[in-house]
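Novice: sequence first, predicted model second:
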Amino acid sequence: AEDFVDGAKTAFEAVMERFAAGSTDGFDQMMTERMRRGFADTLDEYRSNALTCDYDVGKVDHAEIVNASFVKRESGELLVWVDVQFLSQQRFTLRDKSGRAVGQEGEWRQHVAVWRFQSPVATLHWVLYDLL
């Protein structure tokens, strides 16, 4: 379980760092297509409104498995879902073209997120499946 949590923390930090940089490069290997599209659509929305995301993520302060379950697809394939809760320090501000904050200037705060990772039982190839 400790190795899984360490890998989940690494994935969380990598995804959030790339998203903060305005990129989804490499996401296709780390998450389902639906999740990748969600991150990409958010970045596209910011760009279409001439906004940039000033987003900083500190290291994960704590991560733990909060749930694990098995799910059977209609095809009969058996999947495992593992939900991991992350506590991290984050700062988020949207900025216009001139660099001014749109809304309130972000301050560092503790953020709680639960991510669901999924894998077929047969292969144990983990991907981000959902944000809970």
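Specialist: Received, thanks. Numbering: from 1, shown residues only.

Novice: D41 and E33, how far apart?
Specialist: Going from D41 to E33 by CB to CB, to the nearest Å gives 12 Å. Where C-beta positions appear, they are placed from N, C-alpha and C, glycine not excepted.

Novice: where do the contact lists of the two overlap?
Specialist: Here D41 and E33 share no contacting residue, scored by CB atoms under 8 Å, 6 or more residues apart in numbering.

Novice: gap between the helix or strand bottoming out on mean pLDDT in the chain and the chain center?
Specialist: Sorted by mean pLDDT, DSSP states H and E, the helices and strands of the chain end with strand 101-102, the least confident at a mean of 88. Here strand 101-102 is found 23 Å from its chain centre; the criterion is CA atoms, centre = their mean, to the nearest Å.

Novice: mind giving me the packing neighbours of that strand?
Specialist: Judged by 3 or more CB pairs under 8 Å, 6 or more residues apart in numbering; DSSP states H and E, strand 101-102 is in contact with strand 78-95.

Novice: just the buried residues of the strand it packs on, please?
Specialist: 82-86, 88, 90-95 (16 or more other CB atoms under 10 Å).

Novice: C-terminal to the longest helix along the chain, what's the next element?
Specialist: Longest helix of the chain, by residue count under DSSP state H: helix 2-20. Using DSSP states H and E, the helix or strand that follows helix 2-20 in sequence is helix 27-30.

Novice: packing partners for that following helix?
Specialist: helix 2-20, helix 33-48.

Novice: quick one: the first one to chain centroid distance?
Specialist: Spelled out, that is helix 2-20. With CA atoms, centre = their mean, you get 8 Å for helix 2-20.
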